[in-house]
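Asker: Here's a sequence, model it:
(2 chains)
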Amino acid sequence: DAKTTQPPSMDCAEGRAANLPCNHSTISGNEYVYWYRQIHSQGPQYIIHGLKNNETNEMASLIITEDRKSSTLILPHATLRDTAVYYCIVAAGGTSYGKLTFGQGTILTVHP
Amino acid sequence: SQTIHQWPATLVQPVGSPLSLECTVEGTSNPNLYWYRQAAGRGLQLLFYSVGIGQISSEVPQNLSASRPQDRQFILSSKKLLLSDSGFYLCAWRGAEGLADEQYFGPGTRLTVT
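Answerer: Purely as a prediction, here's the structure:
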């Protein structure tokens, strides 16, 4: 699986958009970009994934650059409950049996 | 809807004692199942995964073993715990079909080996 690089920490004001970057310059053509988050003392929570196109769901938007070497997770209106560690993961699809490699992630702190 | 259960939530065990953590999934069939460990201040490490009953793959050599006696049951065991086995143990599942790896995690078991 390709490696990812994320900033160790970020801050965001409540109600503003949180934009979390991720670099994955060695991504392969069959690898997806996944985002998970882990709120303190809980199990990780799946947020969103994408292959080439931008994606949006009820939690967030995922913007993937055209060359697929980087992506940005956008939380459009951050709340205090969005304070968590956010993990960007690159992994192949079903044939990998779902072996996700979690790095250190980005600690997002949403403040009032 | 699918639900994943883990128990116990917390556990304190002495060095050298055995361990058995259980994970069960409801609302899905033939899931892929995973055991992860998160040491204090560290990222998640994949320990085992299973694509079917009796099929276990180990990712790292260690003092632990896993078993899948039923389709939706995944058990993590040890015969003799080490201090280094302390950590937050998480079970996860994903559907066997499809290409994407949306994994859904349980609430975890916090193990302290003393």
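
Asker: rest of the way, CA atoms for contacts and neighbours
Answerer: Will do.

Asker: Could you list the low-pLDDT ranges of the chain?
Answerer: You didn't say which chain, so I picked chain A. Applying pLDDT under 70 to chain A flags the ranges A:1-2, A:93-98.

Asker: could you do chain B instead?
Answerer: By pLDDT under 70, the low-scoring segments of chain B are B:61, B:96-100.

Asker: Going along the chain, name the strands of chain B.
Answerer: Counting by DSSP state E, residue ranges of the strands within chain B are B:3-7, B:10-13, B:19-26, B:32-38, B:44-52, B:55-58, B:65-70, B:73-78, B:87-94, B:104-105, B:109-113.

Asker: correction: chain A
Answerer: Taking DSSP E as the criterion, chain A carries its strands at A:9-13, A:18-23, A:31-38, A:45-50, A:55-56, A:61-64, A:70-75, A:84-92, A:106-111.

Asker: Counting neighbours, which bits of stretch B:10-26 end up buried?
Answerer: Neighbour-count burial for stretch B:10-26 flags B:13, B:19, B:21-25 (criterion: 16 or more other C-alpha atoms under 10 Å in any protein chain shown).

Asker: Would you mind giving those residues as a markdown table with distance to chain A added?
Answerer: Written out in a markdown table, the entries for these read as follows (distance: C-alpha to the nearest C-alpha, whole Å):
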| residue | distance to chain A |
| --- | --- |
| B:Gln13 | 20 |
| B:Leu19 | 20 |
| B:Leu21 | 15 |
| B:Glu22 | 15 |
| B:Cys23 | 13 |
| B:Thr24 | 15 |
| B:Val25 | 15 |
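
Asker: circling back: out of the strands of chain B, nearest to A:Gly15?
Answerer: In this view, the strands of chain B are compared for proximity to A:Gly15 by C-alpha to C-alpha, and strand B:104-105 is the closest at 27.3 Å.

Asker: The closest one vs chain A: in contact?
Answerer: Yes. Under the criterion of C-alpha under 8 Å from any C-alpha of the partner chain, strand B:104-105 makes contact with chain A via B:104-105.

Asker: next one: stretch B:31-48
Answerer: Yes. Contact of stretch B:31-48 with chain A (C-alpha under 8 Å from any C-alpha) involves B:32, B:42-46.

Asker: got the contact list for the residue nearest the centre of chain A?
Answerer: For chain A, A:Trp35 is the residue whose C-alpha lies nearest the centre (C-alpha atoms, centre = their mean; 3.2 Å). When contacts are counted by C-alpha atoms under 8 Å, 6 or more residues apart in numbering or on different chains, A:Trp35 touches A:46-49, A:73, A:86-89.

Asker: For it, which non-adjacent residue is closest in space?
Answerer: Of all residues not flanking A:Trp35 in the chain, A:Cys88 sits nearest, at 4.7 Å (C-alpha to C-alpha, 6 or more residues apart in numbering or on different chains).

Asker: which residues touch residue 45?
Answerer: No chain was given, so I picked chain A. Under the criterion of C-alpha under 8 Å, 6+ apart, the neighbours of A:Gln45 are A:36-38, B:104-105.

Asker: My question was about chain B, not that one.
Answerer: A:101-102, B:36-38.

Asker: Kind regards, and thank you for your time.
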